[in-house]
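Trainee: okay, structure incoming, though there's no sequence with it:
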């Protein structure tokens, strides 16, 4: 068994911005996640946290916002295939419009 085969479940406060702040009703959401994981799995965990935390959530609206959003840690914007191996600061960055 390698170190990558061992997962640790942790809870993280993930910063949200823009329309996701309106959905969540706060600037952060608590996400339970097993690390290491892909950025895609992390995005799915954020969606699950929103659905279980916010009772009035429009599922299709949240799914669309998350699909269009980017995940970032404290130093990088992450691609969907990037592996998150450690706890750090995370944010979900929705698409920006306007000028």
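Mentor: Noted; the coordinates are in hand. Bear in mind that the values here come from a model prediction, so they are computed numbers and not experimental data. Numbering: from 1, shown residues only.

Trainee: which helix or which strand is home to the residue lying closest to residue 31 once chain neighbours are set aside?
Mentor: Closest residue to residue 31 in three dimensions, ignoring its sequence neighbours and counting by C-beta to C-beta, 6 or more residues apart in numbering: residue 49, at 4.6 Å. All C-beta spots, glycine's among them, are computed from the backbone N, C-alpha and C. Assignment of secondary structure by DSSP states H and E places residue 49 within helix 39-53.

Trainee: so which elements touch that helix?
Mentor: With contacts defined as 3 or more C-beta pairs under 8 Å, 6 or more residues apart in numbering; DSSP states H and E, the packing partners of helix 39-53 are helix 19-24, strand 28-35, helix 59-68, strand 70-72, strand 83-84, strand 90-93.

Trainee: can you say which of these is packed in most?
Mentor: Highest mean neighbour count among the helices and strands packed on helix 39-53 (mean count of other C-beta atoms under 10 Å): strand 90-93, with a mean of 20.

Trainee: output the contacting helices and strands for that strand.
Mentor: Contacts defined by 3+ C-beta pairs under 8 Å, 6+ apart place strand 90-93 against strand 8-16, helix 39-53, strand 70-72.

Trainee: what's the burial count for the residue nearest to residue 31?
Mentor: The number of residues packed around residue 49, counting by other C-beta atoms under 10 Å, is 19.

Trainee: and the pLDDT at it?
Mentor: For residue 49, the model assigns a pLDDT of 92.

Trainee: gap between it and residue 18?
Mentor: Distance of residue 49 to residue 18, computed by C-beta to C-beta, to the nearest Å: 17 Å.

Trainee: for residue 58, same thing?
Mentor: To residue 18, residue 58 is 16 Å away according to C-beta to C-beta.

Trainee: re earlier: so for residue 6, which of the helices and strands packed on helix 39-53 sits nearest?
Mentor: Counting by C-beta to C-beta, residue 6 lies closest to strand 28-35 out of the helices and strands packed on helix 39-53; the figure is 9.7 Å.

Trainee: so what touches that closest one?
Mentor: For strand 28-35, contacts defined as C-beta atoms under 8 Å, 6 or more residues apart in numbering pick out 7-16, 41-42, 45-46, 49-50, 53, 84-87, 90.

Trainee: many thanks, we can stop here.
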